[in-house]
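> Pasting a predicted model and its sequence here:
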Amino acid sequence: MDKKLYYTIGEVAEAVGEPQSVLRFWEKEFDSLRPVKNKRGVRYYTEADLDLVRRICYLTRTCGYTLEGAREQLRTRKLDDPKQTIANNLVEVRRFLAALKDTL
């Protein structure tokens, strides 16, 4: 995913492999996830929001935490978790390989 100032909810959903409805639900569940909205209510996520969504996804989907457990981990865990960085990189590699496979 190219680095941008703002990402739409569709771009974020595609980047993390979750439906847009899950992202909207997570906004209600995680106080720190607050994308900017324009007058029409269109959400725009920053790079920091995208990183937070990736961490929430990692904690809930990969590690199996409940939402409460994920909230607690986000409160207590260091932001630059090496396992999270590795997981994010692997997701990007998988996406790249899938795109490469489609072109062959």
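Cool, got the structure. Numbers count the residues shown, from 1 in each chain.

> Work out the gap between the biggest helix by length in the chain and the centre of the chain.
Longest helix in the chain, counting residues (DSSP state H): helix 82-103. Computed by CA atoms, centre = their mean, to the nearest Å, the chain-centroid distance of helix 82-103 equals 14 Å.

> One more: stretch 36-53?
11 Å.

> distance between the ends of it?
In stretch 36-53, first residue to last residue: 14 Å (CA to CA, to the nearest Å).

> can you count the residues close to the closest residue to Ala70 other than its chain neighbours?
Leaving aside its sequence neighbours, Ala70 sits nearest to Leu59 (CB to CB, 6 or more residues apart in numbering; 4.1 Å). Using the backbone N, CA and C atoms, a C-beta is placed for each residue, glycine as well. When neighbours are defined as other CB atoms under 10 Å, Leu59 has 23 of them.
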